[in-house]
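Q: got a predicted structure plus its sequence, pasted below:
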Amino acid sequence: MYGIGIDVSQATLDVAVHEQAFRQFSNDKRGFVRLIQWLKQWPITQVVLGASGGYERAALEALHEAGLPMVRINPARARRFAQATGRAAKTDRLDAAVLAQMAHLLPLTRYVPPAPWQRRLAEFAQCRRHLVQMRVSEMQRLRQLTDPVLITLKQRHLAQLSEDLKQLDKAIAEQLAAQPAWKNIGTLKGAGPILVSTLACELPELGTLGSKAIASLVGLAPMNRESGTWQGKRSITGGRAVVREALYMAALTAIRYEPRLRDFYATLKAKGKASKVALVAVMRKMLVILNARMRDAQSESIPA
């Protein structure tokens, strides 16, 4: 059995079979057909494909539909693996070989394609994030203006952005309302449509993993830093930044309006924990609660 590694760029797919072969294919439908045909000759354990800013999506979907065991991996993780195995150089071919070695040696989480409603919701959620970033940038530019004409134009643009955001928020809430399981987990104060839509699009594993595993996946599990008698402060690292950002904003609301989380935050502060540490703990607790709710919702939807 062989591990397959695919390094993705806008135009090409560099494909390595662990310690056996290397080929390059075009990153388009014709290339996907040729790649699938070529891979049929190999008994495959898994195919590891590096995320590449969206350029990997079409290939990932085509290979998954062909029945191949696909894994999409964070390129930073692949780079750390390469450094750990003594590979300092970096080329597309070497990156493909590193991914093939990972596929051969490591048990990795398989790719699960999103449902059609999740794909549509993801586009709305991404568009909303872009508009929020644009509004922040425009507000910063407005503060630097002195000419009344330019100030009026900028204020008009900001008003339009705010109106567009209201429409997007309404559309996102309507889409979530059509998904009972995801709608119900949003009854926790602070877990509004923005957080729930982010979880639905960016964390499809919600409800399928244990509390420690889901916290680690998002990057909210504190990592030990110890050596001999030295003990450093534990800290969070890695994970899915988009999910953490949404949880951060939700936690700010939760510590004011959700009794359980407000008391939890207050208890940590009373014990001398820093505000940021206590807030991260609230984020983790929110995630664990929502994970449990989604697990319960999924189990109730399974026919007896």
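A: In hand now; what should we look at?
Q: against residue 26, how distant is the residue lying closest to residue 211 once chain neighbours are set aside?
A: The shortest distance from residue 211 to any non-neighbouring residue, by Cβ to Cβ, 6 or more residues apart in numbering, is to residue 288 (4.4 Å). Using the backbone N, CA and C atoms, a C-beta is placed for each residue, glycine as well. Distance of residue 288 to residue 26, given as Cβ to Cβ, to the nearest Å: 44 Å.
Q: neighbour count: these two, which is higher?
A: More crowded of residue 288 and residue 26, by other Cβ atoms under 10 Å: residue 288, with 16 against 13.
Q: let me see the contact set for the more buried one.
A: The contact partners of residue 288, by Cβ atoms under 8 Å, 6 or more residues apart in numbering, come to 211, 214, 215.
Q: those residues, buried ones only, as a PyMOL selection?
A: Buried residues within the contacts of residue 288, by 16 or more other Cβ atoms under 10 Å, are selected in PyMOL with:
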select buried, resi 211+214+215
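Q: how about the strands in the stretch 201-304 of the chain?
A: 226-227, 230-231 (DSSP state E, counting those that start in this stretch).
Q: give me the below-cutoff pLDDT ranges for the stretch 51-200 of the chain.
A: Where the stretch 51-200 of the chain drops to pLDDT under 70, the residues are 186.
Q: try 50 this time
A: Scanning the stretch 51-200 of the chain for pLDDT under 50 picks out nothing.
Q: now residue 139: closest residue in space, sequence neighbours ignored.
A: residue 158 (6.6 Å).
Q: hmm, residue 135 and that neighbour touching each other?
A: Yes. Using Cβ atoms under 8 Å, residue 158 is in contact with residue 135, at 6.4 Å.
Q: next, give phi and psi for residue 192.
A: Backbone torsions of residue 192, given as degrees, to the nearest 10, read phi -80, psi -170.
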